[in-house]
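Below: sequence and its predicted model.
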Amino acid sequence: MASRDMALASPARAPAGHFRWTICALLFFATTVNYADRQILGILAPTLQKEIGWSEAEYGLIVTAFQTAYAIGLIGIGRFIDLVGTRMGYALTLAWWSLATVVHGFVSSVVGFGAARFLLGVGEAGNFPAAVKTVAEWFPKRERALATAVFNCGSNVGAILVPLVVPWVTLRFGWRWAFIGLGGAGLLWIVAWLLLYREPEGHPRLSRAELDHIRSDPPESGEQILWRVLIANQPVWGLVIARFLTDPVWWFYLYWTPKFLNSQFGLKLDQIGVPVAAMYLVSNVGGLFGGWLSAWFIRRGRANTSARKLAMLTCAFMVVPIMLAPRVSSQWAAVGLISLAMAGHQGWAAKRVHDRFGHLPAARGQFSGRDLRIRRRRGRDAGGERGGIHAASYRELSDDLLAGEHQLSGGAEYYSRDGGQGRFDGVGQARCPDLTLAEGQRSSRPAKAPG
């Protein structure tokens, strides 16, 4: 009776609302346009090569102009968006790259295309930093992974739509209108963005209940990670080296696969859409497969680290048969081999990003290279490999504590040599107010906790 009275006395919580997902939909469409604008060159490459007369080497330089500008843009675009704000920063970067796409429709030389691609690369570098910042502003932490996955699907949709839509537009109106049309789509997006986007606290269409839902997390630290800390961090270098070795492979698929199908099998512009769209569709399945395979290995008793490595190794082997693509006589056999390689690449890349970003230092968890020691609440040392946990961040620590090798029921306390300590209560709940160490050295014997 008392519990019923208490329930009657408690006010019902108002539904949070869903307007934040409208903002996420805008991010999805922006990312679709972003990927479409970069991919259109690969689809039209055989047509443009005949009309403008560039050589293979000159085409390579045009592609390199975009890649170079994209890398340069990433260095400073985040600071720019922080300076002018998400609303204007996103609008300005998208206006820049949309106008750069339109410029492609007015050039007729190798130098002109190289310049247009360079301008496009500088602007397109702003999409993902701005989108991630928007998600951080509009979603609580527990929804950010889903929101990021939703808007990132825009890149997959763009990759599938471009080979289907661009040939149709080109054959009916000319290749110049294909560029102008895609650039115009981006400019239309800016109108919707400026009409709909405000910061949550000042948005007239956001209910108080949804604002409270968005701001339900504890305040985040405003501290920034210093460059010298990142440069000294092994997981950062692991991510940089992995991307340096593998990202060019994906760009190779993006820009050179249509040319390969044209030169090897004689596919014309009106025939190339379905095979290329099929490749990207299969690659999307590969990204999901990589995540599923890792989870499957864990359910079969593998530790987290072992499961991830096995999943990545499996995906890496999926790429190997692509060496047979130039030797098969059937175009669909070649498409199948390339699709398998692209699926393996996406599955491998998905695990790479998960593993590396999960191991980067938190702003309040800078590395010092000392031992991080862990014990159960009952006083027994945590086994593991089997003495000490190699943790590059609190998130990795929480991951490893729940892995099969480090199962700690009821939570754990952990200590640093300096005497800092904190408590771990469950997935994603590592609270270390006094612990300033984020990296532990893996030791060969159990480390005893102080006291």
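Arrived safely.

which stretches of the chain form strands?
372-376, 412-416, 421-424, 430-431 (DSSP state E).

mean confidence for the shortest one?
Model confidence over strand 430-431 averages 34 on the pLDDT scale.

do stretch 98-108 as well
Rounded mean pLDDT across stretch 98-108 is 95.

which outside residues touch that stretch?
With contact meaning C-beta atoms under 8 Å, 6 or more residues apart in numbering, stretch 98-108 is reached by 33, 37, 40-41, 52, 113, 115-117, 119-120, 122-123, 175-180, 182-187, 189-190. C-betas here are computed from N, CA, C, even on glycine.

If you count neighbours, what's buried in it?
Along stretch 98-108, these residues count as buried under the neighbour rule (16 or more other C-beta atoms under 10 Å): Ser98, Leu99, Ala100, Thr101, Val102, Val103, His104, Gly105, Val107.

now swap in stretch 46-61 and tell me
For stretch 46-61, by 16+ other C-beta under 10 Å, it's Pro46, Thr47, Leu48, Gln49, Ile52, Trp54, Glu58, Tyr59.

can you tell me which of those residues are in helices?
Pro46, Thr47, Leu48, Gln49, Ile52, Glu58, Tyr59 (DSSP state H).

count of neighbours near Val328?
The local packing of Val328 (other C-beta atoms under 10 Å) involves 15 other residues.

how much space between it and Arg79?
Val328 sits 48 Å away from Arg79, going by C-beta to C-beta, to the nearest Å.

For Leu203, grab phi and psi.
You called it Leu, but residue 203 is His. phi -90, psi 120 (degrees, to the nearest 10).

which non-adjacent residue is nearest it?
Using C-beta to C-beta, 6 or more residues apart in numbering and skipping the chain neighbours, the partner closest in space to His203 is Phe19 (7.6 Å).

wait, what's in contact with Gly344?
Gly344 neighbours (C-beta under 8 Å, 6+ apart): Gly286, Cys315, Ala316, Phe317, Met318, Val319.

Next, format those residues as a markdown table and append pLDDT.
Shown next, in a markdown table, are the contacts of Gly344 (pLDDT from 0 to 100):
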| residue | pLDDT |
| --- | --- |
| Gly286 | 85 |
| Cys315 | 89 |
| Ala316 | 90 |
| Phe317 | 93 |
| Met318 | 93 |
| Val319 | 92 |
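
What about these, which one has the most neighbours?
Of these, with other C-beta under 10 Å as the count, Cys315 tops at 26 neighbours.

Do I have it right that that one meets Gly347?
Yes: at 3.9 Å, Cys315 counts as touching Gly347 under the criterion of C-beta atoms under 8 Å.

intersection of neighbour lists for those two?
Gly286, Phe289, Gly290, Leu293.

can you pick the most crowded of those?
Gly290 (25 neighbours).

Look up the closest residue to it, ignoring the ones flanking it.
Gly347 (2.7 Å).

list the contacts for that neighbour?
For Gly347, the contact set (C-beta under 8 Å, 6+ apart) comprises Gly286, Gly287, Leu288, Phe289, Gly290, Gly291, Leu293, Ala311, Thr314, Cys315, Met318.

which among those gets closest to Tyr90?
Taking C-beta to C-beta as the measure, Tyr90 lies nearest Gly287 of the contacts of Gly347, at 25.1 Å.

If you drop the residues flanking it in sequence, what lies closest to the closest one?
What sits nearest to Gly287 in space, not counting adjacent residues and going by C-beta to C-beta, 6+ apart, is Gln346, at 3.9 Å.

Isn't that neighbour up against Gly291?
No: applying C-beta under 8 Å as the test, Gln346 and Gly291 come out as separate, 10.3 Å apart.

So those two - more neighbours on which side?
Per other C-beta under 10 Å, whichever of Gln346 and Gly291 has more neighbours is Gln346, with 24 against 14.

Next one: the more buried one from Gln264, what distance?
Where Gln264 is concerned, Gln346 sits at a distance of 23 Å (C-beta to C-beta).

what about Glu199, neighbour count?
Neighbour number of Glu199 under other C-beta under 10 Å is 12.

With Trp296 instead?
Count around Trp296 with other C-beta under 10 Å applied: 14.

Offset the numbering so it begins at 682, please.
Okay, residue one is now 682; in that scheme the one you just asked about reads as Trp977.

how much space between it and Thr995?
From Trp977 to Thr995 the distance is 10 Å (C-beta to C-beta).

Likewise for Ala781?
Distance of Ala781 to Thr995, given as C-beta to C-beta: 39 Å.

Equivalent analysis for Ile721, please.
For Ile721, the distance to Thr995 - C-beta to C-beta - is 33 Å.
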